[in-house]
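A.B. asks: take a look and give me a structure for this.
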Amino acid sequence: MNNLKVLAINSFAVHGVASLKTSISILGSRILPVPSVVLNGLTNMPGVQKHFLAFRELLEGTFRLVAHRNQKVIVAIGYLGIPEQADVILEMIKTYRQHIHLIITDPISGDNDKAYVSEEVIKRWPDLVSQSDFVFPNLTE
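C.D. replies: Numbers count the residues shown, from 1 in each chain. As a prediction, the model looks like this:
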């Protein structure tokens, strides 16, 4: 497992100390970051704007390169910006399962009894959790 990488699916926030920014600072070149959404700040900050990239294309292209390089990855699933991203992730898990060492999920959706994602996103978490080897929800989730 010398070439084991972490394919991390999460938000990327410019301001704040959460999101892919934190994961990158810890994992360095061992991370393959795939942003589910790019934000100018964390969702609890005023004036936050969400920007969506071509998620399907980026995730699928990343998995194609993993397969081409004959790598194994740990898939780490975090914040989802829209519910359709769950469908894309599930499809990629099915297609590239032989290249996935394990799946870790943090169903990022709320804190302190308050949700900060849509109800539609929250409803999709059970499908992803059922595919996961480890799940790390907080008390609200």
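A.B. asks: specify the beta-bridge partners of the closest residue to residue 73 other than its chain neighbours.
C.D. replies: Distances taken as Cβ to Cβ, 6 or more residues apart in numbering put residue 7 closest to residue 73, at 4.3 Å, once the chain neighbours are dropped. Any C-beta I mention is one placed from the backbone N, CA and C, and that applies to glycine too. Beta-bridge pairing for residue 7 (DSSP bridges): residue 32, residue 75.
A.B. asks: burial measure for the residue lying closest to residue 77 once chain neighbours are set aside, as a count.
C.D. replies: Distance criterion Cβ to Cβ, 6+ apart; nearest residue to residue 77, sequence neighbours excluded, is residue 105 at 4.5 Å. For residue 105, the count of nearby residues is 22 (other Cβ atoms under 10 Å).
A.B. asks: residue 46 now?
C.D. replies: When neighbours are counted by other Cβ under 10 Å, residue 46 comes out with 5.
A.B. asks: also the one 5 residues further on?
C.D. replies: Residues lying near residue 51 (other Cβ under 10 Å) number 11.
A.B. asks: try residue 62
C.D. replies: 19.
A.B. asks: give me the three-state assignment for it.
C.D. replies: With DSSP: H, G, I helix; E, B strand; the rest coil as the basis, the three-state label of residue 62 is helix.
A.B. asks: what separates it from residue 33, distance-wise?
C.D. replies: Remark: distance between residue 62 and residue 33 (Cβ to Cβ, to the nearest Å) = 9 Å.
A.B. asks: swap in residue 81?
C.D. replies: Taken as Cβ to Cβ, the span from residue 81 to residue 33 is 15 Å.
A.B. asks: can you check residue 141 too?
C.D. replies: Taken as Cβ to Cβ, the span from residue 141 to residue 33 is 22 Å.
A.B. asks: same check, this time on residue 128
C.D. replies: For residue 128, the distance to residue 33 - Cβ to Cβ - is 18 Å.
A.B. asks: quick one: mean pLDDT over stretch 83-92.
C.D. replies: The average of the pLDDT scores along stretch 83-92 is 98.
A.B. asks: in this protein, which ranges drop under the pLDDT threshold?
C.D. replies: By pLDDT under 70, the low-scoring segments of the chain are 1-2.
A.B. asks: got the contact list for residue 88?
C.D. replies: Contacts for residue 88 (Cβ atoms under 8 Å, 6 or more residues apart in numbering) come out as 55-56, 59-60.
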